[in-house]
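Peer 1: Next one to model:
(2 chains)
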Amino acid sequence: MKLNHREKMIALGVGLILALFVLDQLLLSPMFVRLATADDSIARDSQTLEQSNGMKRNGDLADVRWRKMSEGHIGTDASAAQSQLLNHMNEVARNTGVNLTSIKPEHGEKAQGFARTGFRASANVTMSTLVSFLLRLESPDLPIRVTDLQIKSNKPGVDDLTVDLGISTIYKLSAAEEAK
Amino acid sequence: MKRGLSNVLSLVIGSRSIVLAHVTAGKPNAVAKRVGQFLLDDANWLDKADDSGKALRAFLDSHGFDATHAIIGVPAGWLLAQEKEVPPTDANSASAILRLAAERLAMSGSAPLVADYAGKPSTSVDSKVLLVGMLRSQYDKLEKFASAAGLTISAVCPTSLGVLDTLAGDSSLLRITNDGAEIVTQDAGVPTMIRPIAAAPQQLAAELKRTLAMRPGGVGRLAIADGGTLAGGDRDNLLARVGGSPRVLDEASCPGIGFDTAAMNGAATGLTQAAALPAVALGAAAIAAKLPVDFADSKLAEVAPQRFGRKTIWAVALVALAIIGVIALEWTVESREAEAADIARKVAEISPQLKSAKASVAKLDFGRPYFAPHPPQLDCLKAITNAFNYNELIFADNVQLRDTGSGTLAGKAVNGTLPLALIDRMKAQPQLSNVQLSSLQNNTGKEKESAFSITFTFVPAPFNTTSPTTKPSSTAAAK
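Peer 2: Below is the predicted model:
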């Protein structure tokens, strides 16, 4: 079959288009898909990596801070921690003129390898003695937290208050206690 | 003819000697730097091309010729020449026509020829060219001779044709040498004939007259290049007998060339300036790329067909470009995939450490309130106190604060608007949020007071406790 110039050009054009189509289907499109997948993966994993690095840095920093904060101040014995807290409370109350009318022990929850223990206390106070008591309650040697506080006025217009507060401390759990 | 030559050694071959001229390009004229004559002892010198070439090399070295590109002028006796008429056609077709003519010329001599033509075929009218050939075997021997002499052949041209360029106007040329004479005629600047004249000096005028008589324009202007072989009387006799307007070719009549004053130092055997003139003129024509015939670069040489057509070259270039593009794309994809794999590996490596990092942060969050410098409830009490206006008849009788931050404030006021104003002021406190009225009862009790209850959330200011020692001591706090 002999083709004239025009037919040859048409055949060449069709052949070229077919070749480009096949090239695209077999080579180019899969490559572009791979490229897009790789780009997505890079974008996603880069973000994850950045967040993970940030979390790791935070964790390291938290470790350092917690070590500095708690080193030598957190005991491992529940009764020792409780008696230490009770002694401290009584001492602060005595020093600030607060009359503790009742003290009841309380046991709190366990979390992060620690257990909470403390007391619920009631006292008759004036505003200034209450503030002194609360300010002096914090101790550099003992972790202390006021968990809740209720102040009631006994007589309207008179600085005669009844305070009810929860005070707690923490101690470190042994591995066996933590496993329970 | 190769262009760009500026320094050539011109060799005009005779039967008993080769006249040499070292010619360099100059402004405005080409200049002969050195001329000389190499004597050929053996009549068969070309058959012993190696030995002759080595002897020439020795001569060149001993006489200070240092050019390496050779322009060889061959005598008319070595040539076959025929004037040919070419129909109007382009240069390629004319070459094809003349190539066939050259083959016929070779068949008439029963030996292969190297051929070229002088003149320029016209595309519009019939034109005449001079087809010139020399034996292939002789040309090969010349090549061997030049090679043995350490020379590179740049052009091979009939001497008399090469000299034509130096002639002003439509002159014919008679060149007289020790070996005899040769004549070149030209018409409208195109050579029409080149042939040797085999005649004794006494018969030269008659033979020359006979030859020129066949020329359409008669004798016309004739230049005579005499290498000094004719005695003065013979030359005058010749000029008188030839008729027309002959003139003797000398340096003064060749404006395109000049002689360096030291050039003649190379003369070995009494070479005169007139005898050296054709060699210098040949070299000057070669430098000016005006040799009409060049067997070394013939216009009749078949142009080797291109192995690949323009379309094929374009197609190959495009395909190559496409392949390079695909390879570049694949390289990019692979590098991006490698980068992605590297990041994924780093993520996988760091993942196990995240659990302990989270635990550390949670532990710090849990334990930090136990090391606060003072109970946050104090700050909360201060914020509430700041919200009270001491000019108003309103007071609190119950405050509840939990460590989660939520709190309740209950109290009494002389009317129902004061608690609402208190709420507005509490909302203005930066550490208090979600301040809402929980209950409001007007005209309660004997005093007809309004009882209210407000809920709120206390947001303690962040503290940067890095060490328990940052806690104020009890004494300092009391102060």
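Peer 1: For stretch B:84-103, buried residues please.
Peer 2: For stretch B:84-103, the neighbour count (16 or more other CB atoms under 10 Å in any protein chain shown) marks B:84, B:86, B:89, B:94-95, B:97-99, B:101-102 as buried. (Glycine included, C-beta is placed from N, CA and C.)
Peer 1: Residue of chain B closest to chain A, please.
Peer 2: Closest residue of chain B to chain A, CB to the nearest CB: B:A357 (2.4 Å).
Peer 1: Tell me which helix or strand that residue sits in.
Peer 2: helix B:310-367 (DSSP states H and E).
Peer 1: Against which helices or strands is that helix packed?
Peer 2: For helix B:310-367, the elements it packs on are helix A:29-70, strand A:114-125, judged by 3 or more CB pairs under 8 Å, 6 or more residues apart in numbering or on different chains; DSSP states H and E.
Peer 1: Which other helices and strands does the helix or strand hosting B:A223 contact?
Peer 2: When elements are assigned from DSSP H and E, B:A223 belongs to strand B:221-226. In terms of contacts (3+ CB pairs under 8 Å, 6+ apart), strand B:221-226 is packed against strand B:172-177, helix B:232-242, strand B:245-248, helix B:273-287.
Peer 1: From the chain's centroid, how far away is the helix holding B:A357?
Peer 2: When C-alpha coordinates are averaged (CA atoms, centre = their mean, to the nearest Å), helix B:310-367 and its chain have centres 39 Å apart.
Peer 1: Run the angle between it and helix A:29-70 for me.
Peer 2: Helix B:310-367 runs at 20 degrees relative to helix A:29-70, counting by axes from the mean of the first three to the mean of the last three CA atoms, to 10 degrees.
Peer 1: Which residue does chain A have closest to chain B?
Peer 2: For chain A, CB to the nearest CB, closest residue to chain B: A:G59, 2.4 Å.
Peer 1: Skipping adjacent residues, who's closest to that residue in space?
Peer 2: B:A357 (2.4 Å; CB to CB, 6 or more residues apart in numbering or on different chains).
Peer 1: who's in contact with that neighbour?
Peer 2: A:55-56, A:58-60, A:62 (CB atoms under 8 Å, 6 or more residues apart in numbering or on different chains).
Peer 1: Could you dump these into a markdown table and include pLDDT?
Peer 2: A markdown table is the format used below for the contacts of B:A357 (pLDDT from 0 to 100):
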| residue | pLDDT |
| --- | --- |
| A:M55 | 93 |
| A:K56 | 92 |
| A:N58 | 91 |
| A:G59 | 92 |
| A:D60 | 92 |
| A:A62 | 90 |
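Peer 1: what residues go with each domain of the chain?
Peer 2: Reading this off chain A. A:1-71, A:78-179 (automatic domain parsing).
Peer 1: meant chain B, my bad for not saying
Peer 2: B:7-297, B:376-463.
Peer 1: wait, does the shortest one contact chain A?
Peer 2: I take that to be domain B:376-463. Yes - using CB under 8 Å from any CB of the partner chain, domain B:376-463 reaches chain A at B:377-378, B:381, B:395-403, B:412.
Peer 1: For the residues you listed, pick the one with the most neighbours.
Peer 2: B:L401 (26 neighbours; other CB atoms under 10 Å in any protein chain shown).
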